[in-house]
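**Q** when you get a sec, could you give me coordinates for this:
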Amino acid sequence: MRRVRAHLRIHGRVQGVGFRWSMQREARKLGVNGWVRNLPDGTVEAVIEGDPERVEALIGWAHQGPAFARVTRVEVKWEEPGNEHGFIVTG
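**A** Here you go, the predicted model:
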């Protein structure tokens, strides 16, 4: 099975609105692996790995986020797949 890895930086009102936990729930529903964390500058960083269509679906979700988020921009960098297992919330 082909795997891809996307490194995201999500801008806007994305901290204090349940973004990380909602992303974890979506990732688990989609069956993708990786992690998500808050950064000191107010953005959210995430690495998503898995089936290309499922990774694209989670990237699409990240453009909206949970109900109280206001996403203004999502930067996506494609990387070589690593060996992520599960989907965790850090930082």
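
**Q** what segments of the chain are strands?
**A** In order along the chain, the chain carries the following strands (DSSP state E): 4-13, 33-38, 44-50, 70-79, 87-90.

**Q** for residue 23, find the nearest of these.
**A** The closest of the strands of the chain to residue 23 is strand 33-38. By Cβ to Cβ, the value is 4.9 Å. C-beta coordinates here come from the backbone N, C-alpha and C atoms, glycine included.

**Q** show the contacting residues for residue 64.
**A** residue 71 (Cβ atoms under 8 Å, 6 or more residues apart in numbering).

**Q** swap in the one 4 residues further on?
**A** The contact partners of residue 68, by Cβ under 8 Å, 6+ apart, come to 13, 17-18.

**Q** quick one: low-confidence parts of the protein?
**A** Flagging of the chain using pLDDT under 70 yields an empty set of residue ranges.

**Q** one step back: got a winner among the contacts of residue 68 for most neighbours?
**A** Neighbour tally across the contacts of residue 68 (other Cβ atoms under 10 Å): the maximum, 17 neighbours, falls on residue 17.

**Q** nearest residue to that one other than its sequence neighbours?
**A** Nearest residue to residue 17 in three dimensions, chain neighbours excluded: residue 68, at 4.1 Å (Cβ to Cβ, 6 or more residues apart in numbering).

**Q** same check, this time on residue 11
**A** residue 73 (4.3 Å).

**Q** how many neighbours does that neighbour have?
**A** Neighbour count of residue 73, defined by other Cβ under 10 Å: 10.

**Q** for residue 77, same thing?
**A** Other residues close to residue 77 by other Cβ under 10 Å number 10.

**Q** isn't it up against residue 4?
**A** No: with contact defined as Cβ atoms under 8 Å, residue 77 does not reach residue 4; the gap is 11.6 Å.

**Q** for residue 19, what are its contacts?
**A** Counting by Cβ under 8 Å, 6+ apart, residue 19 touches 10, 36, 44, 65-66, 69.

**Q** please produce a PyMOL select command covering the buried subset of those.
**A** Entered in PyMOL, the line below selects the buried ones among the contacts of residue 19, by 16 or more other Cβ atoms under 10 Å:
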select buried, resi 10+36+44+65+66+69
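
**Q** if we can go back for a sec, I'd like the distance between the residue nearest to residue 11 and residue 8.
**A** Distance of residue 73 to residue 8, given as Cβ to Cβ, to the nearest Å: 11 Å.
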